[in-house]
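# Just to be clear, the model below is a prediction. Sequence and coordinates:
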Amino acid sequence: MKATDDRPGAGLRDHWDAVYDRLTPEGVSWYEPGAPVSLELVEELALPPDTPVLDVGGGASGLVDRLVAGGYSDISVLDISAPALEAARSRLPAGAAVNWLHEDLLAWQPRRRYGLWHDRAVFHFLTDPADRRRYLVLMHRALHDGAHVIMATFAPDGPGSCSGLPVERYSAGDLTAALGSGFNVIRSGRHMHRTPSDKFQPFTWIVARKTGVE
């Protein structure tokens, strides 16, 4: 008999590990070579290279490669899937300045403050309002005043599910309202993502600054 894993988030770990076991990192629907939209938004912020960057749900994304190549020296990548993190780690040179966090985001306890929170396609998986509130509490705790947030979710006309899980879809106004008064949205837009299977998924993205007022 297989032992039951009672750790918080164990079911989600198993789900995402199975996704990466079944597909290569380049075969998952959200794969985007070089993460060009995220990288462009990061570069437009013109942050100092020693800014502590946190990529939540970063997994096997190529954003970390581009940040390392761009000289960022304090990068953390958090993901629930160990195979996803290992896929990214294996691409980088030995000694790359990356802190790999194998964590369930909603059970994670931040031990420091960051200057940039990047989330491409985690928030839209939180269909339970309590989980969304927990996410936002964690974001506030993890960021210092004046820090920035880059978030991307499926747009209102985007898919209703991803990798077998339901999602919430957001307009820029919806994301602005979700963040609340503690953040000032400074830019927003729409991006049409082309999947490895040659389908198109509309995304909404926003860039916001933490004001310190909740």
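Everything's here; your move.
# Quick one: low-confidence residue ranges for the protein.
The chain contains residues with pLDDT under 70 at 1-10, 13, 15-31, 33, 196, 212-214.
# where's the closest residue in space to residue 207 that isn't next to it in sequence, which helix or strand?
If the residues on either side of it in the chain are set aside, residue 207 comes closest to residue 187, at 4.3 Å by CB to CB, 6 or more residues apart in numbering. The way it works is simple: take the backbone N, C-alpha and C, and place the C-beta from them, glycine included. Assessed by DSSP states H and E, residue 187 sits inside strand 183-194.
# Pull out the buried residues from that strand.
Under the neighbour-count criterion of 16 or more other CB atoms under 10 Å, strand 183-194 has 183, 185, 188, 191, 193 buried.
# Stretch 138-154 too?
138-140, 142-143, 147-154.
# What is the nearest of those to residue 54?
Nearest to residue 54 among these is residue 142, at 6.4 Å by CB to CB.
# If we ignore the residues flanking it in sequence, what's nearest that closest one?
residue 110 (4.0 Å).
# swap in residue 91?
Of all residues not flanking residue 91 in the chain, residue 65 sits nearest, at 6.0 Å (CB to CB, 6+ apart).
# I would like the residues contacting whichever strand or helix holds the one you found, please.
Following DSSP H and E, the helix or strand that holds residue 65 is helix 63-69. With contacts defined as CB atoms under 8 Å, 6 or more residues apart in numbering, helix 63-69 is touched by 34-35, 38-39, 42, 53, 55, 58, 75, 77, 88, 91-93, 96-98, 118, 120.
# okay but residue 145 is in contact with residue 183, surely?
No: with contact defined as CB atoms under 8 Å, residue 145 does not reach residue 183; the gap is 10.9 Å.
# can you give me the helices for this protein?
10-22, 36-45, 63-69, 82-91, 129-142, 172-179 (DSSP state H).
# what angle separates the longest one from strand 183-194?
So that's helix 129-142. 120 degrees (axes from the mean of the first three to the mean of the last three CA atoms, to 10 degrees).
# Can you give me every residue that contacts the residue nearest the centre of the chain?
Closest to where the C-alpha atoms of the chain average out (CA atoms, centre = their mean) is residue 119, at 2.7 Å. By CB under 8 Å, 6+ apart, the residues touching residue 119 are 55-57, 149-152.
# hang on, the earlier thing: report the buried residues of the helix holding residue 65.
63-68.
# What is the nearest of the residues you listed to residue 82?
Using CB to CB, the buried residues of helix 63-69 come closest to residue 82 at residue 64, 15.5 Å.
# Starting from residue 117, give me the distance back to the closest one.
Look at residue 64 and residue 117: by CB to CB, to the nearest Å, they are 14 Å apart.
# Quick one: end-to-end length of stretch 188-205, please.
Using CA to CA, to the nearest Å, the end-to-end distance of stretch 188-205 comes to 6 Å.
# How about stretch 99-113?
First-to-last residue span, stretch 99-113, CA to CA: 14 Å.
# buried ones in that stretch?
Applying 16+ other CB under 10 Å to stretch 99-113 flags 100-101, 103-106, 108, 110 as buried.
# just stretch 168-178 next, same as before
In stretch 168-178, counting by 16+ other CB under 10 Å, buried: 168-172, 174-176, 178.
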